[in-house]
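Trainee: I'd like to go over a predicted model; first the sequence, then the structure.
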Amino acid sequence: MFGHGRVLPGEWRNLERAQACARYLAVKAARRMRRAGLAARALAAWLTDRGGAGWFGEARFAPTWDDRSILKSLGRLFGQAHGEAPVRCRSVHVVLHDLVPLDSQRRDLFDVAAPFEARRRWERLSVLADLLHARYGRDMLSLGPSVEPPGGYAGAKIAFNRIPEDEDF
């Protein structure tokens, strides 16, 4: 799995700001996933409140690795969160999981040609964006609004289960 989480500062502890942070974290996780040559079949997001309780949502889909599809799924999850999630969100977490290698993907028999080709174009655009980010900086290009995350820096941190790669910084 590839994921990121963030404890939100006081002024970010509402659902709209938590969603903006989740978008940033989801794209960051998707970049790492693509570098590893993997696609996800599920996206999970959860919000916690001050007491540790909170909200959890999960979306399942055909193997995907483009930013647009992942952000659309995240948007649907946050649509469900309205009315269910805590009013004051202490932290936000996003995880891409149920991973498969990119070379193992097969075209779905029922995949209509036009949507399939559109998804392929978005996948190619995500790879192109990754190349531009590597050359000109991680915040050079974004799909939709990109709000600076709480704390300012969302680069690599020392994780408990992996050593960050140079591209994570």
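Mentor: Arrived safely. Numbers count the residues shown, from 1 in each chain.
Trainee: check contacts around the residue nearest to Ala85 when sequence neighbours are not counted.
Mentor: Closest residue to Ala85 apart from its sequence neighbours, by C-beta to C-beta, 6 or more residues apart in numbering: Trp55 at 3.8 Å. The way it works is simple: take the backbone N, C-alpha and C, and place the C-beta from them, glycine included. Residues in contact with Trp55 (C-beta atoms under 8 Å, 6 or more residues apart in numbering) are Trp46, Leu47, Ala81, Glu84, Ala85, Pro86.
Trainee: wait, is the first one part of a helix?
Mentor: Going back to what we said before, that points to Trp46. No - applying DSSP: H, G, I helix; E, B strand; the rest coil, one finds Trp46 to be strand, outside a helix.
Trainee: Look through the chain and tell me its longest helix.
Mentor: helix 113-136 (DSSP state H).
Trainee: For that one, name the packing helices and strands.
Mentor: Packing contacts for helix 113-136, counted by 3 or more C-beta pairs under 8 Å, 6 or more residues apart in numbering; DSSP states H and E, involve helix 15-35, helix 67-81.
Trainee: worst-scoring helix or strand of the protein, pLDDT-wise?
Mentor: helix 113-136 (a mean of 73; mean pLDDT, DSSP states H and E).
Trainee: now the most centrally placed residue in the chain: how far from Val87?
Mentor: In the chain, the centroid-proximal residue (C-alpha atoms, centre = their mean) is Ala26; its distance is 1.4 Å. Plainly put, Ala26 is 22 Å away from Val87 if you go by C-beta to C-beta, to the nearest Å.
Trainee: try Trp65
Mentor: Trp65 is 34 Å from Val87, by C-beta to C-beta.
Trainee: between those two, which one's more packed in?
Mentor: Each of Trp65 and Val87 has its neighbours counted (other C-beta atoms under 10 Å); Trp65 has more, 24 against 8.
Trainee: List the buried residues for the least confident helix or strand of the chain?
Mentor: Within helix 113-136, the residues that count as buried by 16 or more other C-beta atoms under 10 Å are Arg119, Trp122, Glu123, Ser126, Ala129, Asp130, His133.
Trainee: Thanks again, I'm all set now.
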